[in-house]
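# Sequence first, predicted coordinates after that:
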Amino acid sequence: MDKRIIVALDFDRAERALKLLESIDPALCRVKIGKELFTACGPSLVKDVCALGFDVFLDLKFHDIPNTVAAAVRVAANMGVWMLNVHASGGLVMMEQARQALDSFGSDRPLLVGVTVLTSMTKPDLERIGVQANPEEQVSKLAFLSRDAGLDGVVCSAAETRLLRVQLPDEFCLVTPGIRRAEDAGGDQKRVAGPAEAIRNGSSYLVIGRPITRAESPENALKEFNSAIASHS
């Protein structure tokens, strides 16, 4: 099975994350460990989750001087993760050095993707930090920069995937957060979409958190999302 759902483990304690993982099948999804859970539990939990058979997307969004990011990426890869990310706004050299830091892992290297524009941001938010482009234009610029740096893909909202899928190679992966069904609350995500729409638009992987992790039956919710994806793949 092509596992296209990445379940976001947005918890503050290992116990809560591990309890959730007991209820879902690693054959049906991958999982994401972000800043909250990683800060609370550290690398040991990442290794524990990998040992349970889950492919881990380590979502720490590294953004620093090139040498520092390259070193952090190398350490993260040693944890056995499947995917990790850096902020594309860190620039070409930073991303190039991060990618080069993974060369020694050969065929076992994790995927490296660039974060474009956070799904919580709109045009006024970009203007306040000095970016005059609208979100779609800025995402496109950063996606091409990520490609030029040798990255495997980018993180972007479903609003941009249709355009990027036309502009970029088929193998360039598009990771899409902000996935919600009609009945799900949007939370702090502003540029959101449903799973079927995201797949139609060209998303490679869908990051889904609360609609699965806070469901009465996470396993059933995961199966529901997988069914929606399968019908539009």
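Okay, I see it.
# Would you map the strands across this protein?
Applying DSSP state E to the chain gives strands spanning 5-8, 30-34, 56-62, 83-87, 111-115, 153-155, 173-176, 205-208.
# Would you mind giving those as JSON lines with mean neighbour count added?
Where you see a C-beta, it was placed from the backbone N, CA and C, and this is true even at glycine. Output for the strands of the chain, formatted as JSON lines (neighbours: other CB atoms under 10 Å):
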{"stretch": "strand 5-8", "mean neighbour count": "23"}
{"stretch": "strand 30-34", "mean neighbour count": "22"}
{"stretch": "strand 56-62", "mean neighbour count": "22"}
{"stretch": "strand 83-87", "mean neighbour count": "24"}
{"stretch": "strand 111-115", "mean neighbour count": "24"}
{"stretch": "strand 153-155", "mean neighbour count": "27"}
{"stretch": "strand 173-176", "mean neighbour count": "25"}
{"stretch": "strand 205-208", "mean neighbour count": "25"}
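# quick one: low-confidence parts of this protein?
Across the chain, the ranges flagged by pLDDT under 70 are 1, 180-193, 232-233.
# please redo it, this time with the cut-off set to 80
Residue ranges of the chain with pLDDT under 80: 1, 180-193, 231-233.
# before we move on, the earlier item: export the strands of the chain to TSV and tack on distance to Val46?
Below are the strands of the chain laid out as TSV (distance: least, CB to CB, whole Å):
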stretch	distance to Val46
strand 5-8	14
strand 30-34	6
strand 56-62	6
strand 83-87	10
strand 111-115	15
strand 153-155	19
strand 173-176	18
strand 205-208	17
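# Spatially central residue for this structure, please.
Nearest to the geometric centre of the chain sits Val175, at 5.2 Å (CA atoms, centre = their mean).
# which residues does it contact?
6, 57, 83, 113, 153-156, 203-205, 207 (CB atoms under 8 Å, 6 or more residues apart in numbering).
# Could you check how far Ala228 is from Ala8?
Distance from Ala228 to Ala8, counting by CB to CB, to the nearest Å: 17 Å.
# Helices of the protein, start to end?
Ranges of helices within the chain are 14-22, 35-41, 43-51, 66-77, 92-100, 123-128, 135-148, 158-167, 195-201, 210-213, 218-230, based on DSSP state H.
# These: which one's closest to Leu28?
Smallest distance to Leu28 across those (CB to CB): 5.7 Å, for helix 218-230.
# which secondary structure elements does that closest one contact?
Using 3 or more CB pairs under 8 Å, 6 or more residues apart in numbering; DSSP states H and E as the contact criterion, the elements in contact with helix 218-230 are strand 5-8, helix 195-201, strand 205-208, helix 210-213.
# 10 Å instead, please
Contacts defined by 3 or more CB pairs under 10 Å, 6 or more residues apart in numbering; DSSP states H and E place helix 218-230 against strand 5-8, helix 14-22, helix 195-201, strand 205-208, helix 210-213.
# most packed of these?
Compared across those, strand 205-208 shows the largest average neighbour count, a mean of 25 (mean count of other CB atoms under 10 Å).
# Relative to the whole chain's centre, how far out is it?
7 Å (CA atoms, centre = their mean, to the nearest Å).
# Work out the sheet partners of that strand and label each with its direction, please.
Partners of strand 205-208 in the sheet, by DSSP bridges, are strand 5-8 (parallel), strand 173-176 (parallel).
# Please tabulate those strands in TSV, including the columns distance to Thr161.
Below are the strands paired with strand 205-208 laid out as TSV (distance: least, CB to CB, whole Å):
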stretch	distance to Thr161
strand 5-8	15
strand 173-176	5
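# Please consider this matter closed, and thank you.
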